[in-house]
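Enquirer: structural data only, the sequence is not supplied:
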């Protein structure tokens, strides 16, 4: 069994990945909604999103809604695969195959 992905394994980043994985491919969640959902400070969420973005797992998009700046985040294809792999490895670790 390979090692669990250390980028995802940190509790805050795992929570971010789980929240974003609930979205459809290509969908994003606004920063305030993600912050409220995870009950994280803006600074803490920002630091962990940056780490996930640097790994290529999350795409952060800054745009304007009218004149109001808005930030949203979503999983990249690479991030979705990495999260699926992570959860499969975790399941295998928690429920190893039974020997006959």
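Expert: It's in. Everything quoted here is computed from the prediction, not taken from an experiment. Numbering: from 1, shown residues only.

Enquirer: who touches the residue nearest the centre of the chain in this structure?
Expert: Centrality entry for the chain: nearest residue to the mean C-alpha point is residue 17, 2.0 Å, by C-alpha atoms, centre = their mean. By C-beta atoms under 8 Å, 6 or more residues apart in numbering, residue 17 lies in contact with 8, 52, 57, 58, 75, 79, 83, 86. The way it works is simple: take the backbone N, C-alpha and C, and place the C-beta from them, glycine included.

Enquirer: am I right that it sits in a helix?
Expert: Yes. Assessed by DSSP: H, G, I helix; E, B strand; the rest coil, residue 17 belongs to a helix.

Enquirer: if I look at it, how far off is residue 71?
Expert: From residue 17 across to residue 71, the span is 17 Å (C-beta to C-beta, to the nearest Å).

Enquirer: likewise residue 16?
Expert: 14 Å.

Enquirer: who has more neighbours out of those two?
Expert: residue 16 (27 against 15; other C-beta atoms under 10 Å).

Enquirer: just the element for the residue nearest to the more buried one when sequence neighbours are not counted, please.
Expert: Of all residues not flanking residue 16 in the chain, residue 48 sits nearest, at 5.8 Å (C-beta to C-beta, 6 or more residues apart in numbering). Assigned by DSSP states H and E, residue 48 falls within helix 42-54.
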